[in-house]
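**Q** can you look at this prediction? I've put the sequence above it.
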Amino acid sequence: INITIPDSVTSIGLCAFEYCSSLTNITIPNSVTSIGKGAFSNCTSLTSINVDSNNEKYMSDKGVLYTKDKKSLIQYPCKKEGTEYIILQGVTSIGYGAFSNCTSLTSITIPNGVTSIGNFAFCRCTNLTNITVPNSVTSIGWYAFYCCTYLTNITIPNSVTSIGDSAFKDCTSLTSITIPNSVTSIGNDVFNGCISLTSINVDSNNEKYMSDNGVLYTKD
């Protein structure tokens with residue numbers, strides 16, 4: 001199924017096409033100036049998102065949806081060809097559900113300069129084995145890496161201050177994780193269902209959290 005949005009549309013709302021599982025292609029016209037969070041997330045047959053070249057707010061780079069200034073990656077199509085993806089340089093935020101259910105991807109490169117990993121950003125990327133969070137990231141959103149079942153290790157850099165609810169929930173292959181000095185907020189159920197996790201280590205200088213024999217506690 002292909003959808004062409006007419007040139008009269010100026011706004012696409014929150015989660016407008018989310019879970020449209022038969023949608024394969026979509027074209028966004030020049031007229032669109034607002035796209036809500038998760039508008040095209042979890043569209044498991046989507047191969048490309050095309051944007052009219054005259055659109056002043058958004059652009060497409062080889063089928064991947066970005067803001068025109070290339071500072072925000074909005075949506076990677078779930079069925080885009082290839083197993084590896086390098087996010088464009090200059091991006092500062094990875095949007096809500098940007099890679100959610102992109103099960104073909106094994107490696108994603110996040111460039112230095114990204115400060116925010118949005119809610120559900122890499123949710124259910126079940127074949128993702130290689131990802132590095134750069135030391136520019138300050139926040140990891142809710143369910144950001146939920147159910148990344150092949151992810152065996154991840155390093156949280158000493159720039160991150162907050163880790164959202166269920167950020168690593170059901171990462172069943174994750175064996176160990178270290179929480180740096182910088183983290184001041186850890187949400188609920190962050191490591192729930194991580195059945196291979198043997199220890200959670202915390203930097204000794206962290207003022208909010210501590211680890212006792214691999215078990216995570218608040219410092220008090």
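**A** That came through fine.
**Q** so which residues make contact with stretch 193-207?
**A** Contact partners of stretch 193-207, identified using Cβ atoms under 8 Å, 6 or more residues apart in numbering, comprise 158, 168-184, 191, 209-211, 213-216, 219. For the C-beta atoms, the positions are set from N, CA and C on the backbone; glycine is no exception.
**Q** what's the ChimeraX syntax to select whichever of these are buried?
**A** ChimeraX command restricting the contacts of stretch 193-207 to the buried ones, with burial defined by 16 or more other Cβ atoms under 10 Å:
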select :168,169,170,171,172,174,177,179,180,182,183,191,209,210,211,216
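**Q** tell me which of the contacts of stretch 193-207 fall in helices.
**A** Secondary structure of these is defined by DSSP state H; no position falls in helices.
**Q** pLDDT at the residue minimising distance to the centre of the chain, what is it?
**A** Nearest residue to the geometric centre of the chain (Cα atoms, centre = their mean): A121, 2.0 Å. As predicted, A121 sits at a pLDDT of 98.
**Q** who touches it in this structure?
**A** I94, G95, Y96, G97, A98, F99, S100, G141, A144, F145.
**Q** now do it against S93, distance only.
**A** Distance of A121 to S93, computed by Cβ to Cβ, to the nearest Å: 9 Å.
**Q** G113 too?
**A** 10 Å.
**Q** cool, I1 as well?
**A** The value you get for I1 to S93, if Cβ to Cβ is used, is 29 Å.
**Q** please apply the same query to S21.
**A** Distance, S21 to S93, by Cβ to Cβ: 26 Å.
**Q** give the contact list for the residue lying closest to I186 once chain neighbours are set aside.
**A** Spatial nearest neighbour of I186, chain neighbours left out: I163 (5.0 Å); criterion: Cβ to Cβ, 6 or more residues apart in numbering. By Cβ under 8 Å, 6+ apart, the residues touching I163 are I140, I156, I179, V183, S185, I186, G187, V190.
**Q** try it again with 6 Å
**A** Applying Cβ atoms under 6 Å, 6 or more residues apart in numbering to I163 gives the contacts I140, I186, V190.
**Q** what residues are bridge-paired with the first one?
**A** Beta-bridge partners for I140, by DSSP bridges, are I117, I163.
**Q** shouldn't it be in contact with N119?
**A** No: taking Cβ atoms under 6 Å as the definition, I140 is not a contact partner of N119, at 9.6 Å.
**Q** more neighbours: which of these two?
**A** I140 (27 against 24; other Cβ atoms under 10 Å).
**Q** for T106, which non-adjacent residue is spatially closest?
**A** Leaving aside its sequence neighbours, T106 sits nearest to T83 (Cβ to Cβ, 6+ apart; 4.7 Å).
**Q** now do D7 against D52, distance only.
**A** Separation of D7 from D52 (Cβ to Cβ): 8 Å.
**Q** so these two - more neighbours on which side?
**A** Set side by side, D7 and D52 show more neighbours around D52, with 17 against 11, by other Cβ under 10 Å.
**Q** so who does that one touch?
**A** Counting by Cβ under 6 Å, 6+ apart, the residues that D52 touches are P29, N30.
**Q** same thing but at 10 Å, please
**A** By Cβ atoms under 10 Å, 6 or more residues apart in numbering, the contact set of D52 is I5, D7, T27, I28, P29, N30, S31, V32, Y58, M59, S60.
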